[in-house]
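[1] Return atomic coordinates for the entry below.
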Amino acid sequence: MPIALRLFAVLCVASLLGACATQSHQISIQPEPEVSASSVGQGRSVGLVVRDMRERADFGTPREADDSDAIIFTEDDVAQALLAGLDQGFQAKGFQPQARNELGRLGVEVRLLTLERRMEDRHMLAEAALEVVAVNEAAKPGSRYRSQYRARQGERRPLDSAAVSERVINGALNQVLTRLLEDEQLLEFLAQ
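    Residues are numbered from 1 along each chain as shown. Okay, the predicted model is just below:
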């Protein structure tokens, strides 16, 4: 093979590899938990608060073995997005959610502890793995109910993209919120 043709082939491969470099991508956080409607709340007011207690504001890196500074991030307020999902879910359960502003009042506090996505390259497939940990504490005068909810979401794709990151992250958040909103012990505690 002539040297010019070899050089051309090497340049083509190098430019293709450069085009595949991992880039940061922005996603939208819009959890939509799947909750069955009921009247368990009987119109009772319940205060809601969500605290984002993660150590990092971003969601990790698009690829595990990437030397770049690429990250997965959002401009959305994660706590507010979760609060909106909880608000809808508690309404579907017959409660009247409102901002929690008094200690000792009937309310639910959700603390988001972990939300990070990691990518691993295995056999030319990108595998997205996400773990979400949320702690719930419901309180009313004289008693408390605590629970912890975890979700893991994974997906294998030939290439990574913002759409895959968004789908995986929102999917795991949906799982956590759905588990919380379908927790019969929590709903009974709040309805009493």
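[2] what residues are up against Ser143?
    By CB atoms under 8 Å, 6 or more residues apart in numbering, the contact set of Ser143 is Phe189. Yep, even glycine has a C-beta here, placed from its N, CA and C like the rest.
[3] what about the strands in this structure?
    25-26, 45-52, 72-73, 96-99, 107-122, 125-140, 143-157 (DSSP state E).
[4] what's the second one packed up against?
    Using 3 or more CB pairs under 8 Å, 6 or more residues apart in numbering; DSSP states H and E as the contact test, the elements touching strand 45-52 are helix 78-92, strand 96-99, strand 107-122.
[5] pLDDT wise, what is Leu187 at?
    Looking at Leu187, its pLDDT reads 93.
[6] What of Asp77?
    94.
[7] can you check Asp160 too?
    For Asp160, pLDDT reads 64.
[8] ok, now Gln153?
    69.
[9] And the pLDDT at the closest residue to Gly43 other than its chain neighbours?
    Distances taken as CB to CB, 6 or more residues apart in numbering place Gln96 nearest to Gly43, at 5.9 Å, with adjacent residues excluded. On pLDDT, Gln96 comes in at 93.
[10] Enumerate every residue touching Gln96.
    Gly41, Gly43, Arg44, Ser45, Val46.
[11] just to revisit the earlier point, now render the helices and strands packed on strand 45-52 as JSON lines, adding distance to Gly142.
    Converted to JSON lines, the helices and strands packed on strand 45-52 look like this (distance: least, CB to CB, whole Å):
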{"stretch": "helix 78-92", "distance to Gly142": "22"}
{"stretch": "strand 96-99", "distance to Gly142": "21"}
{"stretch": "strand 107-122", "distance to Gly142": "14"}
